[in-house]
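Asks: Requesting a structural model of the entry that follows:
(chains A and B)
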Number of protein chains: 2
Amino acid sequence: MTLRISTISITLGLALAAGAAVGDGHSQGPHASAIKNRQAVMSLYGFNMGILGAMAKGQADYDSAIASAAANNMVLLVDLDLSAMWPQGSEAGVHDGSRAKAELWANFPDVVAKMGELQAASAALSEAAGTDLDTMKAAMGPVGQACSACHKAYRAPKN
Amino acid sequence: MTLRISTISITLGLALAAGAAVGDGHSQGPHASAIKNRQAVMSLYGFNMGILGAMAKGQADYDSAIASAAANNMVLLVDLDLSAMWPQGSEAGVHDGSRAKAELWANFPDVVAKMGELQAASAALSEAAGTDLDTMKAAMGPVGQACSACHKAYRAPKN
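Replies: As a prediction, the model looks like this:
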């Protein structure tokens, strides 16, 4: 398995602050674009898992093709290289708009391991999602657990 | 080539409005989550192209590994199935927060063709980005042109 979060470079963070497209996010500061875009990735995780969640809860009919598409999207999203979105100095309390704890950078091998759990769970979900509702539901749990594991360890509470 | 924008389903749009994770985006209305998340995809296109753009403009040193990572991210992002993010009824003037023209839905085969251009250009960029600065720069043009082609045809001006 390829782990796509690799070295985090302060130099790159500065380059991005200078050069990257910065939208109209809430965050302000040198890493506003990085923070906005890692939050965009998280939002896309939630959006795709929300499609499956609506089916799991009976709020939407189970549709094999739609479920597969959402699960396949998760596989693509968790394979993104996020290095440039997590520059040093973009933690909560230091940078406006961030909820990332400083522990994330201090425990980086554990973050990579947790990302590996999400990748493995997403791959399994992608195999399962198109089969039937119950198979899909069973494969959703490990994805949610992988999300929660990282959030519990490394995400600060909302202000 | 697989074109990942397929049928747009009103039913799915309603299911998402009911079930998907809705963040704190600016848009409000039944398709707020879909609009927020398609804008997240666009932001991630811009973020990754911005990494290459900073190198192309000399604002950051050319780095083969970082350039490849950003270009590979583009390949993953343009392969996402965006169907659920473009529900009918989410166009500008009808839905708050949207800049998508109604023409997008009326000319859907053309949208799919334009997406195919972006996919082809991103694949070529991914091949080129790690070679050297000039090769990378030459491959960036077609990606920018594909972005612009769709924006010119289907994106309304900012309010």
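Asks: dump the residue contacts of residue A:126.
Replies: A:68, A:71, A:72, A:74, A:75 (Cβ atoms under 8 Å, 6 or more residues apart in numbering or on different chains). For every residue, glycine as well, the C-beta is placed using N, CA and C.
Asks: typo on my end, residue A:78
Replies: So residue A:78 contacts A:4, A:45, A:115, A:118, A:119, A:122 (Cβ under 8 Å, 6+ apart).
Asks: and the third one, how far is that from chain B?
Replies: Distance check for residue A:115 against chain B: by Cβ to the nearest Cβ, to the nearest Å, it reads 15 Å.
Asks: got a pLDDT number for that residue?
Replies: In this model, residue A:115 is scored at 98, pLDDT.
Asks: Which element, helix or strand, includes it?
Replies: helix A:108-128 (DSSP states H and E).
Asks: Quick check: which element contains the residue most central in space within chain A?
Replies: Chain A has residue A:42 as the residue nearest its centroid, 4.0 Å off, counting by Cα atoms, centre = their mean. Element membership for residue A:42, per DSSP H and E: helix A:32-56.
Asks: Which helix or strand lies directly C-terminal to the helix holding residue A:115?
Replies: helix A:133-154.
Asks: Tell me how many other residues crowd residue A:93.
Replies: 11 (other Cβ atoms under 10 Å in any protein chain shown).
Asks: Give me the secondary structure label for the residue of chain A most remote from its centre.
Replies: What lies farthest from the middle of chain A is residue A:61; by Cα atoms, centre = their mean that is 26.0 Å. With DSSP: H, G, I helix; E, B strand; the rest coil as the basis, residue A:61 sits in coil.
Asks: quick one: contacts for the residue nearest to it when sequence neighbours are not counted?
Replies: Distances taken as Cβ to Cβ, 6 or more residues apart in numbering or on different chains put residue A:55 closest to residue A:61, at 7.1 Å, once the chain neighbours are dropped. Residue A:55 sits next to A:61, A:62, A:63, A:66, A:67, A:133, A:136, B:15 when contact means Cβ under 8 Å, 6+ apart.
Asks: re the thing from before, how much space is there between the residue farthest from the centre of chain A and residue B:112?
Replies: 25 Å (Cβ to Cβ, to the nearest Å).
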